[in-house]
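Asker: Next input, structure requested:
(one chain, ligands or ions: 2)
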Amino acid sequence: MKIPRQPMPEQPPEERANNFLEVPYGYDPLTAQLEAERCLQCKKKPCVMGCPVEVQIPEFIKLVCEGEFIEAGRKIKETNFLPAVCGRVCPQEDQCELVCVRAKKGESVAIGRLERFVADYEREHGEIVKPELAPSTGKKVAVVGSGPSGLTVSGDLAKLGHDVTIFEALHKPGGVLVYGIPEFRLPKSIVEAEVDYLKKLGVKLELNSIIGRIETIDDLFENGFDAVYVASGAGAPVFLGLPGENLGGIFSANEYLTRSNLMKGYLYPRYDTPMPMGRKVIVLGGGNVAMDSARTARRLNPEKVTILYRRTEKELPARIEEIHHAKEEGIEFHYLTSPVEFIGNEKKMVRAIRCIKMRLGEPDDSGRRRPIPIPDSEFEVEADTVIVAIGNYPNPLISDTTPDLPVNKWGNILADESGRTAKKGVFAGGDIVTGAATVIQAMGAGRIAAKSIHEYLMSDESNK
Ligand code: FAD
Ligand code: SF4
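Answerer: Ligands and ions are numbered 1, 2, ... in the order given. Take a look at the predicted model:
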């Protein structure tokens, strides 16, 4: 009980604010073993119940204690195909670590850091072994989208002996893991390695393939697929609808981050895509997307990066670690502030934001206290680049081209708890169903849907 939670070494803030290299370095084997010793090996395993894909946490931690790092990696991969990703970006503090017994009288076991260590060790030592696959069922499944949900369902179905093809609109697989989350938080080589593992299981990838354009969902069935899993995410940006929002220099976080991550804009001119190099950058929003945008902007050498958020620090939805890193890197936070208008110069480029001060009222539907504008409190802040990071909604292409696939008023596909939709043979999960959520929730939905797709394919229902 005396061993404290082991910190993870990381790049010093003043150094990393000038590069895109990964911030934390990860544990070395001795530190990982020391941290693993803190686990009490609880019989009831509350941490496993806190994990949407039910990683066998005490079991893998025990293997780390014993120095069996490769075996620990295999244990995790029984239920999680993306451990190096999850070890880096999962909000463990709200999941497995939140319910860890050690947290009751101190600090939880650093489950995420251990998961990351094990996955990195396995990859770096080239000991990735293909698990046993069930004999072929002869059934074909199409998966729309290669984000965490599509990748998870594909891995599970391939293991069960199905022939899986992923159709991905972009030229690289990974969804938000490649186009949204920056290199300094999740190196793209790690996503590639985890996707390669799925390819080893026989999963096929059709890139640059937009379902709804090249083929519809109905075409997929006509072309011989027996089931379809839609995991197309929530990639369309929400705007504020304020006067002046069309001025030059105002970007959605999606565009800004896609330019930087997927198109490698941060390496311009080595890569073709230029990045907006503002001097006074303002980011609107308080979630992970806002933090990623602000921290990306910070690395492009501006005078100042400021986050404007309409509630207080307590309500910030981003992961604690991201907020902490953003502050260390010198990003300023202005709370209880909301934009009301964007002001342009004679060249129709943004030069300032007119804002209003807010106060907090009673809790709203989200359970957080509602921000209320304070009359006559308007003021201006200078900005030559504005990044709008206030949310996302689903791209309507699939629903527009599949009229018998029910969606709600926000365009999210309606699916039951097992991922089934009202359309025969069509399943859905991840952000396209829940709205913008987390990597592990999207993976959990993929895991559940794989079971239900397997049941469907193995029953008489799929032949009718
Ligand atoms: P996505 O990851 O969105 O993948 C959907 C894929 O479908 C995309 O590749 C898209 O190109 C493809 N697609 C869409 N339409 C079509 C079509 N018609 N045909 C073919 N392909 C199509 N979560 C965390 O847990 N931790 C974090 O730190 C975190 N940070 C985030 C940072 C950013 C910037 C963003 C945007 C999100 C972040 N999230 C984070 C949320 C998390 O990434 C998402 O909840 C998760 O990726 C959803 O997975 P998904 O598989 O449902 O969809
Ligand atoms: Fe170990 Fe915490 Fe899980 Fe108990 S709850 S088994 S201490 S990780």
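Asker: Relative to the whole chain's centre, how far out is stretch 75-92?
Answerer: 12 Å (CA atoms, centre = their mean, to the nearest Å).
Asker: Tell me which residues touch the residue in the stretch 351-464 of the chain that ligand 1 sits nearest to, please.
Answerer: Using CB to the nearest ligand atom, the closest approach of the stretch 351-464 of the chain to ligand 1 is made by residue 430 at 2.3 Å. Just so you know, the C-beta spots here come from the backbone N, C-alpha and C atoms, and that holds for glycine as well. The contact partners of residue 430, by CB atoms under 8 Å, 6 or more residues apart in numbering, come to 145, 147, 148, 149, 150, 231, 233, 437, 441, 442, 445, 446.
Asker: can I get the residues you listed in a markdown table with pLDDT, neighbour count and distance to residue 186?
Answerer: Converted to a markdown table, those look like this (pLDDT from 0 to 100; neighbours: other CB atoms under 10 Å; distance: CB to CB, whole Å):
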| residue | pLDDT | neighbour count | distance to residue 186 |
| --- | --- | --- | --- |
| 145 | 98 | 30 | 18 |
| 147 | 97 | 29 | 13 |
| 148 | 97 | 33 | 11 |
| 149 | 98 | 34 | 17 |
| 150 | 98 | 33 | 17 |
| 231 | 98 | 31 | 19 |
| 233 | 97 | 26 | 16 |
| 437 | 92 | 16 | 17 |
| 441 | 95 | 21 | 17 |
| 442 | 96 | 30 | 15 |
| 445 | 97 | 31 | 20 |
| 446 | 97 | 31 | 18 |
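Asker: give the contact list for the residue in the stretch 151-300 of the chain positioned nearest to ligand 2.
Answerer: Nearest residue of the stretch 151-300 of the chain to ligand 2, counting by CB to the nearest ligand atom: residue 152, 22.2 Å away. Neighbouring residues of residue 152 by CB under 8 Å, 6+ apart: 53, 81, 82, 442, 443, 446, 447, 450.
Asker: would the first one count as being in a helix?
Answerer: No. Secondary structure of residue 53 (DSSP: H, G, I helix; E, B strand; the rest coil): coil, not part of a helix.
Asker: Quick one: check the longest helix anywhere in the chain for contact with ligand 1.
Answerer: In the chain, taking DSSP state H as the definition, the longest helix is helix 439-458. Yes. On the criterion CB under 6 Å from any ligand atom, helix 439-458 is in touch with ligand 1 at 439, 440, 442.
Asker: OK, contacts around the first one?
Answerer: Read it as residue 439. 82, 85, 86, 89, 90, 148, 176, 177.
Asker: Could you dump those residues into CSV and include distance to residue 115?
Answerer: Below are the contacts of residue 439 laid out as CSV (distance: CB to CB, whole Å):
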residue, distance to residue 115
82, 10
85, 10
86, 6
89, 11
90, 8
148, 15
176, 19
177, 16
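Asker: So which of these are in helices?
Answerer: 85, 86, 89, 148, 176, 177.
Asker: Now the lengthiest strand in the chain: average pLDDT?
Answerer: In the chain, taking DSSP state E as the definition, the longest strand is strand 350-363. Strand 350-363 shows a mean pLDDT of 96.
Asker: if we can go back for a sec, keep only those of the residues of helix 439-458 next to ligand 1 that are also close to ligand 2.
Answerer: Among those, no residue sits close to ligand 2 (CB under 6 Å from any ligand atom).
Asker: Return the member of these nearest to residue 101.
Answerer: Nearest to residue 101 among these is residue 440, at 20.4 Å by CB to CB.
Asker: coming back round to it: now the longest helix of the chain: buried residues?
Answerer: 439-450, 452-454, 456-457 (16 or more other CB atoms under 10 Å).
Asker: Same question for stretch 124-141.
Answerer: Buried, per 16+ other CB under 10 Å, within stretch 124-141: 128, 137, 139, 140, 141.
Asker: Dump the residues you listed to CSV, plus distance to residue 398.
Answerer: CSV is the format used below for the buried residues of stretch 124-141 (distance: CB to CB, whole Å):
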residue, distance to residue 398
128, 33
137, 26
139, 22
140, 19
141, 16
